[in-house]
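S.K.: coordinates only, no sequence provided:
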């Protein structure tokens, strides 16, 4: 009877060893899977940051281009006098030129 109990305990020990080995292997497998997923997440973050930086550079470039076009447009606009004194001087100058032309014609 003692030998039967010893044999039964040895079998249970063997089964537990197999379960322990299987669980250890499964834990290693899950750890590796988690590590790979973490690496994948890090790779995605790097790719996202790279894409974001490229888009920000593109936006800055477009903003600079737009500003340059605005400056160019402003500098090519004809500048008309806008205050009353300047308008008066401009008008008087035109009137003087008209009188001179009239005098030349007459």
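M.R.: That came through, no problem. Note that this is a predicted model, so its numbers are computed, not measured.

S.K.: show me the shaky parts of this protein.
M.R.: The model of the chain has pLDDT under 70 over residues 77-83.

S.K.: center of the protein, which residue is that?
M.R.: Taking Cα atoms, centre = their mean, the centroid of the chain lies closest to residue 52, which sits 2.4 Å from it.

S.K.: pull the longest helix from the protein.
M.R.: In the chain, taking DSSP state H as the definition, the longest helix is helix 2-76.

S.K.: and the next element down the chain from it?
M.R.: On the C-terminal side of helix 2-76, the closest following helix or strand by DSSP states H and E is helix 84-105.

S.K.: if we can go back for a sec, enumerate every residue touching the residue nearest to the centre of the chain.
M.R.: Counting by Cβ atoms under 8 Å, 6 or more residues apart in numbering, residue 52 touches no other residue. Yep, even glycine has a C-beta here, placed from its N, CA and C like the rest.

S.K.: when you give positions from now on, start the count at 55
M.R.: Let's use 55 as the start, then, which means that last one is residue 106.

S.K.: just to revisit the earlier point, and the longest helix of the chain, how far out from the chain's middle?
M.R.: Taking the mean C-alpha point of helix 56-130 and that of its whole chain, the gap between them comes to 21 Å (Cα atoms, centre = their mean, to the nearest Å).

S.K.: how about stretch 122-131?
M.R.: On the basis of Cα atoms, centre = their mean, stretch 122-131 sits 29 Å off its chain's mean C-alpha point.

S.K.: in that stretch, what's buried?
M.R.: Residues of stretch 122-131 classed as buried: none (neighbour count, 16 or more other Cβ atoms under 10 Å).

S.K.: number of nearby residues for residue 107?
M.R.: Burial of residue 107, expressed as a neighbour count using other Cβ atoms under 10 Å, amounts to 10.

S.K.: what separates it from residue 149, distance-wise?
M.R.: The span separating residue 107 from residue 149 equals 62 Å under the rule Cβ to Cβ, to the nearest Å.

S.K.: do the same with residue 115
M.R.: Taking Cβ to Cβ as the measure, residue 115 and residue 149 are separated by 51 Å.

S.K.: check residue 112 too.
M.R.: 55 Å.

S.K.: kindly report the same for residue 96.
M.R.: In this structure, residue 96 and residue 149 are 78 Å apart, going by Cβ to Cβ.
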